[in-house]
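Chemist: I'd like to go over a predicted model; first the sequence, then the structure.
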Amino acid sequence: MNIQVLPLPEDRKKPRYTDESQLGFGRLFTDRMLLVEWKAGQGWVDARIQPYAPFSLDPACLVLHYAQEIFEGLKAYRWEDGSIALFRPEMNARRFNLSAARLCMPEVPEDLFVDGIEQLVSLERDWVPGSEGTSLYIRPTMIAVEPVLGVKPSDHYYFYVIMSPVGAYYAAGFNPVNIMVEDTYVRAVPGGTGEAKTGGNYASSLKAGLEAKKKGFDQVLWLDGVHKRYIEEVGAMNMFFAYADKVVTAPLAGSILNGITRDSVLKLAGSLGFSVEERPIDVNDLMADLRAGKVKEAFGSGTAAVITPVGALCYKDECLQVGDGGVGSLTQKLYDTLTGIQYGRIADTFGWVRKLA
Ligand SMILES: *Cc1c(COP(=O)(O)O)cnc(C)c1O
């Protein structure tokens, strides 16, 4: 599909940031966006890269009432030689389409998704920051824009991509977080939308996150929605536990996100000689293994932070330290290797990196 590039008038160019250490996350957006529409009977039409601009949406449109919405998150990385790379963008395209199918939305052709992002990043390449740990965060999104109050799949959608230069996640240091096992609220249930990256999942997670913050925790560790017993995810990251010779994570059984970082961690840990197990993790067994000192390290994985070390974990009234409470050696190694591949400092033997022309 041909993507039309509309002119960017001089007065639509935004002032550039001057201090990359002040970027933060997702507050500043680049000059252009990709927008493609889907209309019933026509399919995908009018693909264009246009100046970044607000939408004018009918207040009745479906996304605003019934949350027919999906999104993705990936990054473009500036290498030391000035070139730019994406990390496994075809995986985001595939997951986007799995989310689309679950929400009864049209699939975006994989090449439109990936080529569209590549063209957009190329045009906006000056927006990719270059200092240590910074990147350009890319947010593909699809929303239902048909103005009607009946509950049904929309006959009109916007697929769009916006981008935001983001600061180093660990500007204040690669420090372990404290997490609370959530035993009241649940994030997802079997048969629900836990496996889809859809807005409703995040709206419904806010309350638990807020209450955990009030109690002094950084994140919540979700349990399964039926037994409230099996570990699912931590915040919006996948969760891993490292033993002396194995790495364990929850299985992809429909209620957790199939993280691209999760998949990369499993492959990397395997290549480092660890056995990897995707299996249900009973929180009671986990606590017993922590008490016994068998769990050496714990960490979350996701695109935004890559790897988040976990220093302590609390369940009901018991708080346990993980390892010595610091950053474990595997956690550090995985973080260094993944970011090394993303920023071109370490050879990519997996074929994960996609360099921009
Ligand atoms: C996006 C996301 C992840 C991590 O996926 P990555 O592809 O590794 O970024 C994990 N859990 C949830 C709930 C997410 O939304």
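Modeler: Alright, I've got the coordinates. Numbering: from 1, shown residues only.
Chemist: What's the separation between Tyr185 and Ala208?
Modeler: When distance is defined by CB to CB, to the nearest Å, Tyr185 is 4 Å away from Ala208. (Each C-beta comes from the backbone N, C-alpha and C, glycine too.)
Chemist: so what's in contact with those two at the same time?
Modeler: Val220 (CB atoms under 8 Å, 6 or more residues apart in numbering).
Chemist: Please enumerate the helices of the chain.
Modeler: Counting by DSSP state H, the chain has helices at residues 62-66, 89-102, 110-123, 199-203, 206-214, 260-271, 283-291, 329-342.
Chemist: contacting residues around the closest residue to the ligand within the stretch 1-150 of the chain?
Modeler: Among the residues of the stretch 1-150 of the chain, Gly73 lies closest to the ligand, at 5.6 Å counting by CB to the nearest ligand atom. Gly73 makes contact with Asn92, Tyr137, Ile138, Arg139, Lys197, Thr303, Ala304 under the criterion CB under 8 Å, 6+ apart.
Chemist: how much space is there between it and Tyr243?
Modeler: Using CB to CB, one obtains 30 Å as the distance from Gly73 to Tyr243.
Chemist: next one: Thr30
Modeler: Plainly put, Thr30 is 43 Å away from Tyr243 if you go by CB to CB.
Chemist: These two: which is more packed in?
Modeler: Thr30 (21 against 15; other CB atoms under 10 Å).
Chemist: That one is in contact with Val166, isn't it?
Modeler: No. Taking contact to mean CB atoms under 8 Å, the distance of 11.5 Å between Thr30 and Val166 leaves them out of contact.
Chemist: Mutual contacts of those two, please.
Modeler: What both Thr30 and Val166 touch, as defined by CB under 8 Å, 6+ apart, is the set Leu136.
Chemist: Pull up the residues of the protein that are close to the ligand.
Modeler: Contact residues, the chain versus the ligand (CB under 6 Å from any ligand atom): 73, 197, 233, 236-238, 257, 259-262, 301-303.
Chemist: of those, the lowest pLDDT goes to which?
Modeler: The member of the residues of the chain next to the ligand with the lowest pLDDT is Ala236, at 93.
Chemist: Quantify the burial of the residue nearest to it when sequence neighbours are not counted by counting its neighbouring residues.
Modeler: Excluding its sequence neighbours, the residue lying closest to Ala236 (CB to CB, 6 or more residues apart in numbering) is Gly302, at 6.1 Å. Per other CB under 10 Å, the neighbour tally for Gly302 reads 21.
Chemist: wait, what's in contact with Gly302?
Modeler: For Gly302, the residues meeting the contact criterion (CB under 8 Å, 6+ apart) are Ala236, Met237, Asn238, Gly259, Thr261, Thr308.
Chemist: tally of neighbours for the residue in the stretch 51-200 of the chain that the ligand sits nearest to?
Modeler: Here the stretch 51-200 of the chain gets closest to the ligand at one residue, Lys197, 5.2 Å apart by CB to the nearest ligand atom. Neighbour count for Lys197, taken as other CB under 10 Å: 24.
Chemist: Grab the nearest non-local neighbour of it.
Modeler: Sequence neighbours aside, Ser99 is the residue nearest to Lys197 in space, at 5.1 Å (criterion: CB to CB, 6+ apart).
Chemist: wouldn't the one you found be in contact with Asn201 here?
Modeler: No. Under the criterion of CB under 8 Å, Ser99 makes no contact with Asn201, lying 10.2 Å away.
Chemist: quick revisit: now the residue of the stretch 1-150 of the chain closest to the ligand: how far from Val5?
Modeler: As defined by CB to CB, Gly73 lies at a distance of 24 Å from Val5.
Chemist: ok, now how distant is the closest residue in space to Ile231 that isn't next to it in sequence from Gly116?
Modeler: Nearest in space to Ile231, with sequence neighbours left out and distances taken as CB to CB, 6+ apart, is Ile281 at 4.2 Å. Applying CB to CB, the value for Ile281 to Gly116 is 38 Å.
Chemist: What does the pLDDT read for Asn2?
Modeler: In this model, Asn2 is scored at 93, pLDDT.
Chemist: roughly how far apart are Gly225 and the ligand?
Modeler: 14 Å (CB to the nearest ligand atom, to the nearest Å).
Chemist: distance of that residue from Gly259?
Modeler: Applying CB to CB, one obtains 19 Å for the distance of Gly225 from Gly259.
Chemist: For the stretch 101-250 of the chain, which residue gets nearest to the ligand?
Modeler: With CB to the nearest ligand atom as the measure, the residue in the stretch 101-250 of the chain that lies nearest the ligand is Ala236; the distance is 4.0 Å.
Chemist: Name whatever forms a beta bridge with the residue nearest to Pro251 when sequence neighbours are not counted.
Modeler: Taking CB to CB, 6+ apart, and ignoring the residues beside it in sequence, Pro251 has Glu278 as its nearest neighbour in space, at 4.5 Å. Per DSSP bridges, the residues bridged to Glu278 are Thr249.
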